[in-house]
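In: just coords:
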């Protein structure tokens, strides 16, 4: 792989010579956005005149300063409004909105302790000692077909590089790769194909810089830092090309209850499917539902490459590609960077870095065989968020408890660590004669039974009401109405205000709306609609009501399911013999009747 090393060193030297990579700008916390160097100079002149005691000079300096400030403010206002001249350039429009509202998300800063990078690097590498499985490549059979990429594929991928993405350890920015895609495509095609045919990933492409991001505002331990991996951008392009090929080799029906990283799947689908399974079962007599919300400790970092490759072989991926993936996951140099401090380098052969393109797909392939053994249980997955839904009748929990123990054993066999403290259980029971239920035991510890929990972004309560979720949504939306008022005071036109509303307020109100809005109370619906009416008054135009949004999303979601026969909910939509209407879902309770699938079928029949 010396060809890539030659390219990398050559590109780095040329890039340093021809490109301006950094520009240091000093800013102050109280600095006004319209402040210019000319205004600062006049401020110094005014202060100097004041100290000299010359009244005439002070008067002249003040007049010049006032005139310069007016001109600076006028120029700043014109610069902002220029962002909105081209309605097609949404990025410039958003920059203008941020300048007016100061609408920016700030993440908590990391501790600047000099020893922290090395401590975090050792912490992230702690799973390496648990991996005693030697990674061994398999000799490909003579009939094995090696993946061969074309120059057109590589060029197309390079042209799609986001120039604003952070560069990896090689310090080659994405703009260089995108702007020089035509010249670099042939070179990278040769490098990529040599890598695939030899089943070797160059070490410089596997090198990772970990940038820790605090999970919360107050950090109390090393586990409160999320490891985000920065890898060379060219490697991300390589991974995308390989991932596209892997997906073509997998059966569409693989792991139907995995809703992440798949087309036409979302958190809406996962939540709606979970609720439908529970509500349908609760319509039966003497029944209740137990939901176990699994939390894994550093799920991506615990993957044992050899175990993953064995599963990929069983899925039918060719040996050469499996060997390439094995090499990609082993022998990875890693260092942690915090500000200007960087740790010593550690070489890892366990896990898949968070931030790599292939990592999410590889994790879902590792967990594809995590399936329920009993028909009364269901395992809903969204990446590493795993939920066990136990449908229990006549107080017989044996199948559910056996399923939990089987899942625990499966996690142990696949080196996935269950975090029992963060794993929660919720019991949905509407029976009149309820009995105290004993908690589930995992690895000798009791799992806490909670009244509500956050499930894939929504607040789910054990009585399946949505007041808590509505309160959370309303609070977020009201905070963003303040920024909408700021934009209105800046005299921005209604189309720009409407765009801001759709992007920051309506997106919150409509998040997973198909899953929960149908069972909202009248009071909750009025609370949400009040947000819409307030926004209408600020903008001065009519906006879609919350009910219209819900109806539109339900119909759109139903059509997307009907167009995908591999969708796990496809069977809920059955045509009647006439072929014009769909068979209604029988519902005893209002809860089931108002849930997504019965509502969607009614809307489809009405629109037909």
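Out: Happy to help now that I have it. What you are looking at is a predicted structure, and each value in this text was computed from that prediction instead of being measured. Numbers count the residues shown, from 1 in each chain.

In: Show me this protein divided up by domain.
Out: Following automatic domain parsing, one finds the domains of the chain at 34-71, 110-256+299-365, 267-297+366-458, 467-607.

In: CSV for those domains, including mean neighbour count?
Out: Every C-beta, even on glycine, is put in place using the N, C-alpha and C of the backbone. As requested, the domains of the chain are arranged in CSV below (neighbours: other Cβ atoms under 10 Å):
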stretch, mean neighbour count
domain 34-71, 14
domain 110-256+299-365, 17
domain 267-297+366-458, 17
domain 467-607, 17
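
In: Reformat these as TSV; add distance to residue 96 and mean pLDDT.
Out: Below are the domains of the chain laid out as TSV (distance: least, Cβ to Cβ, whole Å; pLDDT from 0 to 100):
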stretch	distance to residue 96	mean pLDDT
domain 34-71	14	92
domain 110-256+299-365	17	90
domain 267-297+366-458	29	94
domain 467-607	8	94
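
In: Nearest to residue 102, out of the ones you listed?
Out: Shortest distance between residue 102 and the domains of the chain, using Cβ to Cβ, is found for domain 467-607: 8.3 Å.

In: circling back to that earlier point, for the domains of the chain, give me a markdown table that also has distance to residue 98.
Out: What follows is those, written out as a markdown table (distance: least, Cβ to Cβ, whole Å):
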| stretch | distance to residue 98 |
| --- | --- |
| domain 34-71 | 15 |
| domain 110-256+299-365 | 15 |
| domain 267-297+366-458 | 24 |
| domain 467-607 | 10 |
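
In: Nearest approach to residue 82 belongs to which of these?
Out: domain 467-607 (12.7 Å).

In: looking at the domains of the chain, which is closest to residue 101?
Out: Among the domains of the chain, the nearest to residue 101 by Cβ to Cβ is domain 467-607 (4.2 Å).

In: and that closest one, how far apart are its ends?
Out: End-to-end distance of domain 467-607 (Cα to Cα, to the nearest Å): 30 Å.

In: distance between that domain and the chain's centre?
Out: Distance of domain 467-607 from the chain centroid (Cα atoms, centre = their mean, to the nearest Å) equals 21 Å.

In: what does stretch 291-301 give?
Out: What separates the centre of stretch 291-301 from the centre of its chain is 16 Å, taken as Cα atoms, centre = their mean.

In: How about stretch 274-294?
Out: Relative to its parent chain, stretch 274-294 has a centroid offset of 28 Å by Cα atoms, centre = their mean.

In: Residue 425 in helix, strand or coil?
Out: Classification of residue 425 using DSSP: H, G, I helix; E, B strand; the rest coil returns strand.

In: Wait, it touches residue 294, no?
Out: No - counting by Cβ atoms under 8 Å, residue 425 stays clear of residue 294, with 9.9 Å between them.

In: which residues sit in contact with residue 564?
Out: When contacts are counted by Cβ atoms under 8 Å, 6 or more residues apart in numbering, residue 564 touches 263-264, 570.

In: Make sure residue 454 is indeed in a strand.
Out: Yes - judged by three-state DSSP, residue 454 forms part of a strand.

In: close enough to count as contact, it and residue 460?
Out: Yes - assessed by Cβ under 8 Å, residue 454 is found in contact with residue 460 at 7.4 Å.

In: What is the neighbour count of residue 94?
Out: By other Cβ atoms under 10 Å, the residues close to residue 94 number 15.

In: mean confidence score for the helix or strand where it lies?
Out: Using DSSP states H and E, the element containing residue 94 is helix 90-101. For helix 90-101, mean pLDDT rounds to 74.

In: Run the chain-centre distance for that helix.
Out: Per Cα atoms, centre = their mean, the displacement of helix 90-101 from the mean C-alpha position of its chain is 23 Å.

In: Counting by contacts, list what it packs against.
Out: The helices and strands touching helix 90-101, judged by 3 or more Cβ pairs under 8 Å, 6 or more residues apart in numbering; DSSP states H and E, are helix 55-82, helix 467-489, helix 494-501.

In: So for it, what gets flagged as buried?
Out: 93, 96-97, 99-101 (16 or more other Cβ atoms under 10 Å).

In: I'd like these written out as JSON lines, with distance to residue 386 added.
Out: Shown next, in JSON lines, are those (distance: Cβ to Cβ, whole Å):
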{"residue": "93", "distance to residue 386": "40"}
{"residue": "96", "distance to residue 386": "42"}
{"residue": "97", "distance to residue 386": "38"}
{"residue": "99", "distance to residue 386": "42"}
{"residue": "100", "distance to residue 386": "43"}
{"residue": "101", "distance to residue 386": "39"}
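
In: Angles on the backbone of residue 442, please.
Out: Torsion angles at residue 442 (phi, psi; degrees, to the nearest 10) stand at phi -130, psi 120.

In: Chain neighbours aside, what residue packs nearest to it?
Out: Nearest residue to residue 442 in three dimensions, chain neighbours excluded: residue 420, at 5.1 Å (Cβ to Cβ, 6 or more residues apart in numbering).

In: ok, that neighbour touching residue 440?
Out: No - counting by Cβ under 8 Å, residue 440 is not a contact partner of residue 420; they are 9.7 Å apart.

In: which residues do the two both contact?
Out: Both residue 420 and residue 440 are contacted by residue 447, under the criterion Cβ under 8 Å, 6+ apart.

In: need the helices for the stretch 251-400 of the chain, in chain order.
Out: Here the stretch 251-400 of the chain has its helices, by DSSP state H, counting those that start in this stretch, at 267-282, 305-314, 319-329, 358-366, 398-413.

In: What separation is there between residue 77 and residue 99?
Out: Using Cβ to Cβ, to the nearest Å, residue 77 is found at 10 Å from residue 99.

In: wait, what's in contact with residue 550?
Out: Counting by Cβ under 8 Å, 6+ apart, residue 550 has contacts 510, 513-514, 517-518.

In: quick revisit: and of the helices and strands packed on helix 90-101, who's closest to residue 251?
Out: Among the helices and strands packed on helix 90-101, the nearest to residue 251 by Cβ to Cβ is helix 467-489 (35.8 Å).

In: Check which helices and strands that closest one sits against.
Out: If you count contacts as 3+ Cβ pairs under 8 Å, 6+ apart, helix 467-489 packs onto helix 90-101, strand 458-461, helix 494-501, helix 507-509, helix 522-539.

In: Which stretches in the stretch 501-608 of the chain count as helices?
Out: 507-509, 513-516, 522-539, 546-562, 590-593, 596-607.

In: Out of those, which is closest to residue 399?
Out: helix 590-593 (22.6 Å).

In: what sits up against that closest one?
Out: Counting by Cβ under 8 Å, 6+ apart, 279-280, 282-283, 464, 519, 585, 587, 598 sit against helix 590-593.

In: same check, this time on stretch 310-321
Out: Under the criterion Cβ under 8 Å, 6+ apart, residues 138-141, 144-147, 196-197, 199, 242, 245-246, 249-250, 254, 322, 325, 365-366, 368-369 lie in contact with stretch 310-321.

In: I figured residue 364 hits residue 259, correct?
Out: No - the criterion here is Cβ under 8 Å, and residue 364 misses it with residue 259 at 9.9 Å.

In: Determine the residues that are contacts of both of the two.
Out: Residues touching both residue 364 and residue 259 by Cβ under 8 Å, 6+ apart: residue 381.

In: ok, residue 392 to residue 289 distance?
Out: Following Cβ to Cβ, the distance that separates residue 392 from residue 289 is 7 Å.

In: Kindly report the same for residue 393.
Out: Counting by Cβ to Cβ, the gap from residue 393 to residue 289 is 10 Å.

In: joint contacts of the two?
Out: Shared contacts of residue 393 and residue 289, defined by Cβ under 8 Å, 6+ apart, comprise residue 281.

In: how far away is the closest residue to residue 585 other than its chain neighbours from residue 570?
Out: Distances taken as Cβ to Cβ, 6+ apart place residue 598 nearest to residue 585, at 4.6 Å, with adjacent residues excluded. Distance from residue 598 to residue 570, counting by Cβ to Cβ: 16 Å.
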